[in-house]
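# Structure of the sequence below:
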Amino acid sequence: MSRERRLLVVLLLNVVIVVGEAAAGFVAGSLGLIADAAHNLTDVAGIALALLAVRFATRAPTERRSFGYHRGQVLAAQANAAMILAATALIAFEAIRRLANPSDVRGGIVVLVATVALVANAGSALLLRERGNDLNMRAALLHMSADAGASVGVIIGGAVITVTGSFEWIDPVISLLIGVIIGWQAMKLVGETASLLLESTPRGLDVDDVLQTMLAVPGVEDVHDLHVWSLSSEVHALSAHVIVDGHPTLEQAQAVGTAIKAAVSAPFSIAHATLELECEGCVDDEAWCAMNDVQPDHDRHVGHHH
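The predicted structure follows:
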């Protein structure tokens, strides 16, 4: 089964889980079940983004969007994160209110619905599990694994209430704990998307390693004004000024540029590289190197001089 089809199946399954848990939560009076539904709702958003990423990745760039639609999923992720944080705040407010004024919880319904959700989440995780390092699939798998853990917490709370006939306070406490998980995921999502929009150096990529790889290419004398950033979580881009040895012909210089792109492509997942080939270094006051005088913290500018 293709990635797109597997993601679609998991998406539809989680929509059913969200609707079922939310409805059962209101009927049973369980805030923990409603919180778990909200947790599953964050996963619906995450899986939908992963599905969109798979589909949009096949779209060719247009005249107005020369880099394609990679940033669309970043903007959607930020919007989802904002809604998740708002929902978490509401859940936390209601949980605190219920701790002060406990209400009756029908533990049997809570256990039954949460168990069904646990089975569905575990099945979704197995469906998404695969070899490889695709970030979208890994993120979707992480969502499902977290959901399964949250469902276990709700089951425990419902079981305690059913067996003891009391301890209703455990339901809002569990909802608070689930809220912390949701909020933490949302904050991480905000940080990651902000980093992408600020064109930060991709996480886990060492620019000095990129520099040394470029310098090792035959015909390269020096590299400066080197920048590496991400268009999305999977698509990295690079730009640099490269001083070539001697005074090569245009054909020879192009061959050096092609070799550099090949050298950085696979090891650093550089999907798009723009190189300015030079015989001599830039003059400091020239407009195209003006950014060298002011470098933001996230903007990695490195050079190598002999």
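
# number of nearby residues for residue 177?
Using other Cβ atoms under 10 Å, the number of residues around residue 177 comes to 16. For every residue, glycine as well, the C-beta is placed using N, CA and C.

# Tell me who's in contact with it.
Applying Cβ atoms under 8 Å, 6 or more residues apart in numbering, we find residue 177 in contact with residue 153.

# helix or strand for it, which one?
Here residue 177, judged by DSSP states H and E, is contained in helix 170-197.

# In that helix, which of the residues would be classed as buried?
Across helix 170-197, burial judged by 16 or more other Cβ atoms under 10 Å covers 170-179, 181-183, 185-186, 189-190, 192-193, 195-196.

# Can you name the next helix or strand after it?
helix 207-215.

# Just confirm residue 228 is within a helix.
No - counting by DSSP: H, G, I helix; E, B strand; the rest coil, residue 228 is located in no helix; its state is strand.

# and the closest residue to it other than its chain neighbours, which of the three is it?
Spatial nearest neighbour of residue 228, excluding adjacent residues (Cβ to Cβ, 6 or more residues apart in numbering): residue 238 at 5.0 Å. Here residue 238 is recorded as strand under three-state DSSP.

# likewise residue 275?
Quick answer, by three-state DSSP: residue 275 is strand.

# coming back round to it: burial check on the residue nearest to residue 228, number of neighbours?
For residue 238, the count of nearby residues is 22 (other Cβ under 10 Å).

# my read: residue 15 touches residue 45, true?
No - using Cβ atoms under 8 Å, residue 15 is not in contact with residue 45, being 10.9 Å away.

# Provide the backbone phi and psi angles at residue 198.
Phi and psi for residue 198, reported as degrees, to the nearest 10, are phi -80, psi 0.

# check which helix or strand covers residue 221.
In the assignment (DSSP H and E), residue 221 maps to strand 220-230.

# the inter-axis angle of that strand versus helix 170-197?
Per axes from the mean of the first three to the mean of the last three Cα atoms, to 10 degrees, the angle that strand 220-230 makes with helix 170-197 is 150 degrees.

# C-alpha coordinates for strand 220-230, PDB please?
Provided in PDB are the C-alpha atoms of strand 220-230 (Å, rounded to 0.1, in the frame of the first residue of the first chain):
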ATOM      1  CA  VAL A 220      37.700  24.800  -5.700                       C
ATOM      2  CA  GLU A 221      40.100  27.300  -4.100                       C
ATOM      3  CA  ASP A 222      37.800  29.000  -1.600                       C
ATOM      4  CA  VAL A 223      34.200  29.200  -0.500                       C
ATOM      5  CA  HIS A 224      32.400  32.100   1.200                       C
ATOM      6  CA  ASP A 225      29.000  33.600   1.700                       C
ATOM      7  CA  LEU A 226      27.700  30.100   2.400                       C
ATOM      8  CA  HIS A 227      24.100  29.700   3.500                       C
ATOM      9  CA  VAL A 228      22.100  26.500   4.100                       C
ATOM     10  CA  TRP A 229      18.400  26.600   4.900                       C
ATOM     11  CA  SER A 230      15.200  24.600   4.600                       C
END
